[in-house]
Structure formats: structure tokens, C-alpha cells
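Colleague: Pasted the sequence and its predicted model underneath.
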Amino acid sequence: MARATTTRRKIITTVAAWSIGLLIFFPILWTILTSFKTEAQAINDPPLFFFFDWTLENYAVVQERSDYMRFLWNSVILAGGSTLLGILVAIPAAWSMAFVPSKRTKDILLWMLSTKMLPAVGVLYPISLLFVQFNLLDTHIGLIVVLMLINLPIIVWMLYTYFKEIPGEILEAARMDGATLKEEILYILTPMAIPGIASTVLLNFILAWNEAFWTLNLTAAKAAPLTAFIASYSSPEGLFFAKLSAASTMAIAPILILGWFSQKQLVRGLTFGAVK
Amino acid sequence: MGQITLNQITKSFGDVQVIPPLDLRIEDGEFVVFVGPSGCGKSTLLRLIAGLEDVSSGKITIDGKEATEVPPAKRGLAMVFQSYALYPHMSVRKNIAFPLRMAGLDKAAQKEKVEAAAKVLNLTDYLDRRPGQLSGGQRQRVAIGRAIVREPAAFLFDEPLSNLDAALRVNMRLEISELHQTLKTTMIYVTHDQVEAMTMADKIVVLQAGVIEQVGSPLELYHTPRNKFVAGFIGSPKMNFFMGSFAAEFGAATIGVRPEHLTVSQDGGKWAGKVGVSEHLGSDTFLYVDMDGVDEPITVRSSGEVGFRHGDTVHLTPDPDKIHRFDNQGLRMA
């Protein structure tokens, strides 16, 4: 009996998991499918699933009309730059919170997280003014700093949790062995936290890659990433769903591939310390 | 050189003072053991010497130089931790070489010193393994190796053997004593195990609630404990205490007699009691004797095998020269 119940339960959970997975993935799948349709087929009623004339026409048009590579490059610079900068700031911050906490450490962590609860548009005006004042509009450096700041609470939180798993005695041993603070972080803490740091980097790279509010508001042409590339297909010429889908597919493809290849690392990082 | 002086040092965590003003002098080359029950402040004291904790007040000098504000890395001390605290991402070779690398030694000198240390500690075959691939005893040896390559002014050991099994513990105890004989460097060793303290120390510091109860050689503590706490803590099995009329007879509030200083006989003696449990160790027999008017069973240590059974009535006689007398403050009476 017990065996039958487990088998049935296994089937139910498997079906449920696949259904939820498909449900979540469906918008992406639909976007990809639509990108291979003609504009007429894209708005066909009833919707067409697999039986339509597959065409690469949309990709050709999108490629012809806009410089995909430039947007891609900007996305890489912004996501990569902001993540790198964020990690450099967050490692020392998380070190101090994990290993030399004060009475206020918990409050600071919560306060940092609370900034994520503020709607971004609430600070659009002051930040725009700052950007104008310091000539940062449509520049890489300005965007890198803003993206780094909005993701910093998450980076610090994640690293803080990973660092908490590292026994303090090992760092004390390094101190006794003559390591300075910098050497202790560089030679002992960072290598030991590599799985955690890697998953933090990946997650933040993905978050920064997909960030659309600030990248759309603070860039025009020079520093515009792929979010702006998609947006440029959204409205001015009416509803061209197939072309918009092609642009979207091109924009998400790199990050999707990166995520696919690094999923093992991501999962390992997210469960770091659970089993040791 | 490794002469360490603690002058009126205190340590508080928040409002709680864990170490009231304390003075201690450790001579160069001495093997000093801090011993006491858990929570007595012995590890905190070691960490204050190491510099891993800051003193709340007072002064620490190492080899005559003020070290109170000196960071741990610059005190010239090496520490072996209870958890070994090896660097898991480095090979044994790199673990041992780490302090040398931090000191900026060149590669060739590092290699030479690491290999010399590995030879002393029987680690030569394991140099390229990671700590995770080693047994507990080997890990402990790596931790010691990492300490000795620095040629420190003093070694600090924080309960280094408590994670090892009993047999290995005895071996490592001998190895550490051997090491002390060879290196002749000051060693400060923290343990809650009085057997480790008695067997290894030149000088034992008995601590209770952050206060030094007595400092002395193992035999000094054994023969002339300054108070009841030290008397009960040093020696295994524990000293027996008698109060009331038993003690009044000797003009004291409490008297203490060690299990090995009681003779047991069935024919007659000073005190009568009934045999409870007897433990046969072969070389010795421990008898636990219940006596009227004494709360805890009295432990008696007899050489060889003794044929008493549970419930037998026996008579105990203390060796009159080996009775420890304590006043009502628990202090030793002359």
C-alpha cells in the first residue's frame, strides 16, 4: 500500500511540477513561436501553435533596421560592470556584517532591504536631475552606478548569508598566521565562498540584464542596452507582434543561454552550506 | 623567546565581566596549562593573549614589549584551534606554507621549511592532499605544522585534542609534549581535562569564573591545593569530601581525602560503609562506598583486584598524613 501511495504521489507531483513549469515558461515560449510567424499569423484568431509557415523574415528585418550588436554590447557592459562593482563593494560590507556584527547590523540589513520596497519611479526625478547635473545621461558609467546601487542590497544579503556559513575560526587562524585584513578576505574568505559568490554574480547579472525602468529612462542611443532595443519595436509603427517577438527573443537569448549553462552553479550556490 | 606577562587585565562582554582583574607571568619555555570547568574564561584568556579579543583594561607584554594594542598577526604567536581551522581550499603544503607566504618568504625557503615540518610531523606523504581527505589526527598535525613553521615566540593551544578519540588523544598528548621538549618554546594550552593538565604542564593555572584559583606545578596542586575547588578539580578520581562530625574531629569545616589515600578492610577501621558499585580496571579497583552522614558515595582506589561485592560492609581508614583540611570559606588550613 505504502508503495502504491508513493508512486501515485510521485506521478501527481511530477505532473504538477511540469504544469507549473510550462505555465511559467509559456509567455517565453509564445514569444519565441510568434517570432517565427508572419505578422498576419501572429494576430490570427484562433491562435496558431505549431502549424504555421515558419519564417525567419522577422529576424532579417530586425537585424536590418537596428544595430543589435551595439545594444548587446551595451547590455554586457552595464550588467557586467554593475555586477562587478557591486561585488567589490559588497564583499567587504558582507564580511563586516557576518564576522564583526554590531548591535545595529540586523537593522542595517533590514533597512537596506527596505529600499527595495520603494517604487523606483519615486526617485526618478532626483536621479534624473543628478544625471543632468553631472552629464551622466546616456553614459555607461552613470547607468552602471545606478544598476549597482539598486541591486546592492540583494548582493550584500546573499553574500552575508554565504559568509555566515564560514566558520570564524578559519579567519582567525589566518589572522594568527599573519594575514592582513585584505589578505584574509582575498586568500581565505573569497576562495571559500566561491560557490556563493558565483551564484550571486549570476543572479545579479540576470537582474541587471533585465532591468528596464532605469535603462529606458536614462539612456537614449549611446548607452542603450537590449531593453531599449525591444522597446523600440513596441509602439511607434503600430502593432507588429512578430517583429517585437523577434526582437525580444534576440534580447533574452544570451541571458537564457547563460542561465542554462550555469544552472548547476546557480543551484549549488543557492543551496551552499546546506550540506557540508 | 616567549615571556608573557598579564598585568591587571580584565574582559567584559557588554555588562558582563568574564575576567576580573588578573595577573599572570609565563616564563620563557614554560608549558603552561589553563584548566577549569567550561565557561570559566580559560579560552577567553587565551584569546586575549592571542589578540583575537581586545582586553577591556590592563596590559599584556610579550618579551618585555607592550603588546596590548598589537594585532594578532604581529604578536609573533601561533595558535592551534579546537576545530583545527585548516583552510579547506588549500593543500596541506599550502596550509603549512600560508604563514610563511604571509611573512613574504621566498618560494625556496617556504618549500624547505614546509618539508622539514612535514617530516617532523609524519605528513610528508600527505602534502598534496586537501584537509578534507585527512583523518582527525592528521588534520591536527597539519594545524600544528602550520604553527611550528612560523617559529613563534609562543604556541597557543585551544582544546586541541577534544575532537579526537581517546586513543588518539593519548598519542597526540605525547607528541605535543615531545614537541615541547624539542622546541623548548613557550606553550600555553587550554583544556577542561585535568588529566591533560597534569600530564603535560610545567605549570597549571586553575581558573573558575575568570578568577585564578591557584597556579603551581601539577604535584603542588595535587599535594597542597589552596582551596576546595582546586582540591576537587585536580586528581582523578575526584577527592572525597567529608563534613560535619567527620571534619570536626580534625578541627576543620571540611576534610578531603583522595581515593588513593583510603585503605579498605572488612575487619575494622575508622569509618564504616556499604559497597555500592565496584569498577575493575585490572591494575586498580574503584569502589564506591555509601556511608551514613555523607551525601555522595565515597570513592576508594585500591591496587590490584579486590573481591568485595555489592552490599558488603567495609571499613575505611584515611592515611592521616594525607588528609586535607579546609575552613568554612573552603580555604586550606595549615
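Modeller: Noted; the coordinates are in hand. Residues are numbered from 1 along each chain as shown, chains lettered A, B, ... in the order given.

Colleague: Alongside chain A, which residues does the stretch 1-150 of chain B contribute?
Modeller: B:50, B:52, B:71-74, B:77-79, B:81-83, B:85-89, B:98-99, B:102-103, B:146, B:150 (C-beta under 8 Å from any C-beta of the partner chain). Any C-beta I mention is one placed from the backbone N, CA and C, and that applies to glycine too.

Colleague: Those in helices, which ones?
Modeller: B:50, B:98, B:99, B:102, B:146 (DSSP state H).

Colleague: Nearest to residue B:290 among those residues?
Modeller: residue B:50 (46.9 Å; C-beta to C-beta).

Colleague: what about that closest one, how many residues close to it?
Modeller: Applying other C-beta atoms under 10 Å in any protein chain shown, we find 20 residues neighbouring residue B:50.

Colleague: hang on, isn't it packed against residue B:73?
Modeller: No: Residue B:50 sits out of contact with residue B:73 when judged by C-beta atoms under 8 Å, with a separation of 10.4 Å.

Colleague: okay, and the common contacts of these two?
Modeller: The contact sets of residue B:50 and residue B:73 overlap at residue A:176 (C-beta atoms under 8 Å, 6 or more residues apart in numbering or on different chains).

Colleague: And chain B, split by domain according to the record?
Modeller: B:4-230, B:237-326 (automatic domain parsing).

Colleague: Point out the most buried one among those domains.
Modeller: domain B:4-230 (a mean of 19; mean count of other C-beta atoms under 10 Å in any protein chain shown).

Colleague: can the ones in helices among the residues of the stretch 1-150 of chain B next to chain A go into JSON lines with extra columns for pLDDT?
Modeller: Converted to JSON lines, those look like this (pLDDT from 0 to 100):
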{"residue": "B:50", "pLDDT": "94"}
{"residue": "B:98", "pLDDT": "95"}
{"residue": "B:99", "pLDDT": "94"}
{"residue": "B:102", "pLDDT": "93"}
{"residue": "B:146", "pLDDT": "94"}
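
Colleague: Now do stretch B:56-71: everything it contacts.
Modeller: Residues outside stretch B:56-71 that contact it (C-beta under 8 Å, 6+ apart): A:175, B:1-12, B:17, B:21-22, B:28, B:48-49, B:51, B:55, B:75-77, B:153-154.

Colleague: Check stretch B:320-334 too.
Modeller: Taking C-beta under 8 Å, 6+ apart as the rule, stretch B:320-334 contacts B:224-229, B:231, B:239, B:247, B:250-258, B:261.

Colleague: Tell me which entries of those lie within helices.
Modeller: Those of the contacts of stretch B:320-334 lying in helices (DSSP H): B:228, B:229, B:231, B:247.

Colleague: Tell me how far the residue of the stretch 151-300 of chain B found nearest chain A lies from residue A:45.
Modeller: Residue of the stretch 151-300 of chain B nearest chain A, by C-beta to the nearest C-beta: residue B:156 (8.0 Å). Using C-beta to C-beta, to the nearest Å, residue B:156 is found at 80 Å from residue A:45.

Colleague: Check residue B:65 too.
Modeller: For residue B:65, the distance to residue A:45 - C-beta to C-beta - is 88 Å.

Colleague: Using just helix, strand and coil, how would you label residue B:160?
Modeller: For residue B:160, the assignment made with DSSP: H, G, I helix; E, B strand; the rest coil gives coil.

Colleague: residues in contact with the spatially most central residue of chain B?
Modeller: Closest residue to the average C-alpha location of chain B: residue B:197 at 3.2 Å, with C-alpha atoms, centre = their mean. By C-beta under 8 Å, 6+ apart, the residues touching residue B:197 are B:33, B:35, B:191, B:204, B:218, B:234.

Colleague: I would like the residues contacting stretch B:109-119, please.
Modeller: By C-beta under 8 Å, 6+ apart, stretch B:109-119 touches B:92-93, B:96-97, B:100-101, B:105, B:123-124, B:126-127, B:145, B:148-149.

Colleague: centre of the chain versus it, how much separation?
Modeller: From the chain centre to the centre of stretch B:109-119 is a distance of 30 Å (C-alpha atoms, centre = their mean, to the nearest Å).

Colleague: Just the CA coordinates for that stretch, please, in CSV.
Modeller: Only the C-alpha atoms of stretch B:109-119 are listed here, as CSV (Å, rounded to 0.1, in the frame of the first residue of the first chain):
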residue,chain,number,x,y,z
ALA,B,109,62.7,28.8,1.7
GLN,B,110,59.0,28.1,2.1
LYS,B,111,59.4,24.7,0.5
GLU,B,112,62.4,23.8,2.7
LYS,B,113,60.6,24.8,5.9
VAL,B,114,57.3,23.1,5.0
GLU,B,115,59.1,19.9,4.2
ALA,B,116,61.1,20.0,7.4
ALA,B,117,57.9,20.5,9.4
ALA,B,118,56.1,17.7,7.5
LYS,B,119,59.0,15.3,8.3
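
Colleague: What is the burial count for the closest residue to residue A:43 other than its chain neighbours?
Modeller: Of all residues not flanking residue A:43 in the chain, residue A:241 sits nearest, at 6.2 Å (C-beta to C-beta, 6 or more residues apart in numbering or on different chains). By other C-beta under 10 Å, the residues close to residue A:241 number 17.

Colleague: Residue A:44 is in contact with residue A:241, correct?
Modeller: No: counting by C-beta under 8 Å, residue A:241 stays clear of residue A:44, with 10.4 Å between them.

Colleague: Phi first, then psi, for residue B:59.
Modeller: According to degrees, to the nearest 10, the main-chain angles of residue B:59 amount to phi -130, psi 140.
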